[in-house]
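1. Sequence first, predicted coordinates after that:
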Amino acid sequence: VQLQASGGGLVQAGGSLRLSCTASGRTLSNHDMGWFRRAPGKEREFVAFISWGGATIYYADSVKGRFTISRNNAKNTVYLQMNRLKPEDTAIYYCARQLPGGSYDGWGQGTQVTVSS
């Protein structure tokens with residue numbers, strides 16, 4: 001499956017964006033999902049996780065208290081609400097589907113988030 005992340009853009013520090021993740025023709029409702037990001041010159045890093053029913057959620061320490069992951073299984077969409085953005089949040093953001101065993105797939109092209117100071 002290839003996932004489509006959207007909603008990125010250019011925003012000033014302190015601003016907000018909401019990212020969305022969908023999958024054409026495939027259901028995400030019975031999959032645990034994650035958001036990741038890759039900043040320029042850095043490795044891809046974990047941002048947030050949500051279980052298939054939304055009961056389990058956790059975040060990277062760097063975004064805790066500022067970002068909120070959620071999902072609407074009826075709309076087959078996973079969201080990442082990003083508030084109080086910082087320049088260090090600048091990255092390409094990807095959503096991915098967790099597979100049994102803990103690995104992820106469906107990375108897609110990602111969506112660029114740029115935060116200006």
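-> Arrived safely, thanks for sending.
2. Bridging across strands, which residues link to the nearest residue to residue 70 once chain neighbours are set aside?
-> Using CB to CB, 6 or more residues apart in numbering and skipping the chain neighbours, the partner closest in space to residue 70 is residue 79 (4.9 Å). Where C-beta positions appear, they are placed from N, C-alpha and C, glycine not excepted. Beta-bridge partners recorded for residue 79 (DSSP bridges): residue 20, residue 70.
3. looking at it, residue 79 is touching residue 28, isn't it?
-> No. Between residue 79 and residue 28 no contact is recorded; they are 11.6 Å apart, counting by CB atoms under 8 Å.
4. Looking at those two, which has the bigger crowd around it?
-> In this view residue 79 and residue 28 are compared by other CB atoms under 10 Å, and residue 28 has more residues nearby, 23 against 19.
5. who touches the least confident helix or strand in the chain by mean pLDDT?
-> The weakest-scoring helix or strand in the chain, judged by mean pLDDT, DSSP states H and E, is strand 104-105 (a mean of 93). Surrounding strand 104-105, the residues in contact under the criterion CB atoms under 8 Å, 6 or more residues apart in numbering are 1, 34, 36, 96, 97, 98, 99.
6. Run through the residues that contact the residue nearest the centre of the chain.
-> For the chain, residue 35 is the residue whose C-alpha lies nearest the centre (CA atoms, centre = their mean; 3.0 Å). With contacts defined as CB under 8 Å, 6+ apart, residue 35 is in contact with 19, 21, 47, 48, 49, 69, 78, 80, 93, 94, 95, 96.
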